[in-house]
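K.L.:
My questions are about this predicted structure, shown below with the sequence.
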Amino acid sequence: MSGRSLPSRQINIVLRQPEPGTHRRSVDGVGDPLNASPLADSEPQVTGKRTPMEGPLSDIFKELNQLIGLDNVKELVHEIYALLQISQFRAEAGLISNAHVYHMIFKGSPGTGKTTVARLMGRMFHAMGVLSKGHFIEVERADLVGEYIGHTALKTRELMKKAMGGILFIDEAYSLARGGDKDFGKESIDALVKGMEDKKNEFILILAGYSDEMDQFLATNPGLPSRFPIQIDFEDYPIEQLIQITELMAKDREYVLLPQTIVKLKQHLVEEKATTWRAFSNARYVRNILEKAMRHQAVRLLSQYINAPSKIELMSIRPEDMKFK
């Protein structure tokens with residue numbers, strides 16, 4: 001897609017096998033990597049991703065991995081989990097472990113999973129002991145910006161107070177800077193920056209919005225990028241993944257898209273993405289299409305059957321139910 005920025009990644013913590021001749025420090029601190037014995041060569045090495053097998057963290061990763069697509073996002077969440085887990089081990093070993101900042105930038109179009117992932121990350125940070133509550137507060141410009149001098153800072157501080165121990169998620173964050181220096185949005189940005197400095201990781205701030213606008217927003221505020229060490233792009237879903245998402249949504253509601261219905265939907269999505277890609281809302285768009293199809297199916301069944309339709313008919317979304325106007 002033209003005009004799209006390259007994916008931005010500013011954290012890259014990956015579990016790898018040590019290079020030949022080096023050794024890992026054990027969890028209990030035994031095994032100095034500078035003075036390791038040859039026996040350390042026989043120590044089992046861990047390859048690939050390690051995720052929790054039980055408890056709240058297991059549920060979080062199960063939900064994450066069930067999301068369609070988002071491979072780069074899932075990788076980042078695994079990296080952060082690895083960083084948090086290793087930080088705990090470092091603390092137990094008497095090493096510095098609390099030097100990380102977790103404020104984030106989420107870039108992408110509507111319906112690409114930004115809010116869903118932010119909620120999951122809030123739960124993960126809570127389960128790992130970084131956040132005391134892990135709750136999620138979602139706001140936009142109107143919630144932050146006041147009507148007179150001083151009002152904006154007050155509103156912003158109040159929202160940060162509500163978000164303490166959790167996630168403060170600001171959608172379309174670039175709208176705070178659209179009015180220029182005289183706009184009250186700048187007052188909100190200043191209050192957010194001060195809150196980040198004063199409260200450190202007592203809450204986590206996530207700024208979200210379209211990629212190009214977020215890049216421009218960060219470029220006009222030179223002090224902001226360094227305060228958000230974790231930045232990630234949520235790419236638009238390809239057609240095949242949008243079909244998978246629609247089928248999954250239907251399955252969750254105990255409906256089934258017939259093969260001819262899928263063909264019709266696919267043709268429409270190809271045309272829609274080609275003509276309105278800038279305003280295309282991805283999973284949100286196909287969810288609206290599905291819900292409209294469910295209503296059309298209900299009307300069709302009532303007109304076709306005097307008595308209750310069969311279970312198969314009650315579940316089936318036919319091509320004539322899928323209307324796009």
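P.N.:
Received the coordinates, thanks.
K.L.:
Could you use CA atoms for every contact and neighbour count after this?
P.N.:
Noted.
K.L.:
and M124, helix, strand or coil?
P.N.:
Following DSSP: H, G, I helix; E, B strand; the rest coil, the label given to M124 is helix.
K.L.:
and it, how many neighbours?
P.N.:
Neighbour count of M124, defined by other Cα atoms under 10 Å: 24.
K.L.:
Check what pLDDT it gets.
P.N.:
Per-residue confidence (pLDDT) for M124: 96.
K.L.:
Give the closest residue to it in space, chain neighbours not counted.
P.N.:
Take M124 and drop its neighbours on the chain: the residue closest to it by Cα to Cα, 6 or more residues apart in numbering is L57, 6.4 Å away.
K.L.:
What about the one you found, how many residues nearby?
P.N.:
Counted with other Cα under 10 Å, the neighbours of L57 add up to 20.
K.L.:
Going along the chain, name the strands of the stretch 1-150 of the chain.
P.N.:
For the stretch 1-150 of the chain, the strands defined by DSSP state E, counting those that start in this stretch occupy 104-108, 136-139.
K.L.:
was I right about the residue nearest to M124 contacting A127?
P.N.:
Yes - the criterion here is Cα atoms under 8 Å, and L57 meets it with A127 at 6.5 Å.
K.L.:
strand partners of the helix or strand containing L168, parallel vs antiparallel please.
P.N.:
Using DSSP states H and E, the element containing L168 is strand 167-171. Counting by DSSP bridges, the strands paired with strand 167-171 are strand 136-139 (parallel), strand 204-209 (parallel).
K.L.:
So what touches the shortest one?
P.N.:
To tie it back to what came earlier, the one meant is strand 136-139. Applying Cα atoms under 8 Å, 6 or more residues apart in numbering, the external contacts of strand 136-139 come out as R119, G122, K162, A163, G166, I167, L168, F169, I170, D171.
K.L.:
Columns distance to S226 on top of the residues you listed, output as TSV?
P.N.:
Output for these, formatted as TSV (distance: Cα to Cα, whole Å):
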residue	distance to S226
R119	23
G122	21
K162	25
A163	22
G166	21
I167	19
L168	18
F169	18
I170	18
D171	20
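K.L.:
can you list the weak-confidence ranges in the stretch 151-300 of the chain?
P.N.:
Within the stretch 151-300 of the chain, the ranges that satisfy pLDDT under 70 run 180-182, 277-278.
K.L.:
Domain parsing of the protein, as residue ranges.
P.N.:
Following automatic domain parsing, the chain resolves into domains at 38-234, 239-321.
K.L.:
Retrieve the pLDDT associated with D32.
P.N.:
On pLDDT, D32 comes in at 38.
K.L.:
Okay then, goodbye and thanks.
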